[in-house]
Each structure stands twice: as structure tokens, then as C-alpha cells.
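*Asks:* Below are the sequence and a predicted model; questions follow.
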Amino acid sequence: MRKLHNPFLGEPEYFCFGCCPDNPHGLRLEFWQDEQDVVAFWQPQASFQGWGDIVHGGVLTALIDEVSSWAVLITCNRPGVTSRLEIKFIKPISILQRLVTVRSRVQENKRNLAVVEAEIYNSAGEKCTQGRAVFFTFPPEKAPANLRMPDPQAFFQG
């Protein structure tokens, strides 16, 4: 498994809820590549609580969405936006978990659509959430200015 570099660090106006380390309210994810999977490890906190000591379903959805978007960037070498996202909550995740693991991989990449499968595992390695996302992707030269694609090699430097 190798750590991926975040090429957006230091960019003006970069404040992503999912991956910006400077967003005090965000998830602050870092990413690794494990063969075809993009992986993130996250420690739940009380501020992400839903009912009782359970991580809010919207936060779990955001985790799936963010790690899936990085799978599209790494695998397809194209920026994209979420077009559709389906989530299945299998087992609740406690905010008291030491660490959860989020894994995603591109299953299909045709023209301007990428289909991604993802899962969240608790500290015991049990699958708790699974998702399937469809991303609309842009050729780098046609992407909107706010979705510019960094040099693909930038993810593997640093």
C-alpha cells in the first residue's frame, strides 16, 4: 500500500469537507492506493454523531463519496462529479471506534461515466456500509475551472 499525495494542498480556496486537513469541521481524509483500491482510514469523533453513539448516516455517505471521487481521479485520470450515489447501511458504526477503513475501486469507466464500488469497515474488519456511485467525468481540457485535474503523477509524489 502506498500513500497518495494530495496535490490540492496549498491551492487558493481549497477547503474540501472530505480531504482538506485545514477544514476544522471536515473529515480530513488522507488516501492510500492498495492495488486497484483507494483506501482511507478515519477515526470517528463525537461531532459526527447521529443517534446515540452512532456515526451519522450522512457522514458515512460523505466518506463513501469522497473516497470514491479519489478512486475516479487516480484510476480514470479525470475529474468528476457525483451523478448518483446508493448507500446500504449494513451495521451501525460507533463514534467510539478506534479507526474505520473506507475502500473504493472503479468498476467501470465508459466515455464520461465511471462506476465506483465502496465499503466502510469497522475496527473489527466487519463491513458496515457499502455504496455504489456513478460519476460524470470530464476530459481534463474540458473540465470547469474549479474541477481542474492535477498532473496524474502529482498523486504519487511528495
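*Replies:* Now that the structure is in, tell me what you want to look at. Because the structure is a prediction, the values reported are computed rather than measured. Residues are numbered from 1 along each chain as shown.
*Asks:* Report the contact partners of the residue nearest the centre of the chain.
*Replies:* Central residue of the chain (C-alpha atoms, centre = their mean): residue 67, 1.5 Å from the mean position. Residue 67 is in contact with 29, 31, 38, 39, 40, 102, 103, 104, 118, counting by C-beta atoms under 8 Å, 6 or more residues apart in numbering. Glycine gets a C-beta too; all of them are placed from N, C-alpha and C.
*Asks:* before we move on, what about residue 104?
*Replies:* Shown in contact with residue 104 (C-beta under 8 Å, 6+ apart): 37, 38, 64, 67, 68, 70, 71, 116, 117, 118, 119.
*Asks:* My read is that the fifth one contacts residue 135, right?
*Replies:* It stands for residue 68. Yes: judged on C-beta atoms under 8 Å, residue 68 makes contact with residue 135 at a distance of 7.3 Å.
*Asks:* Quick check: neighbours shared by these two?
*Replies:* Common neighbours of residue 68 and residue 135 (C-beta under 8 Å, 6+ apart) are 82, 116.
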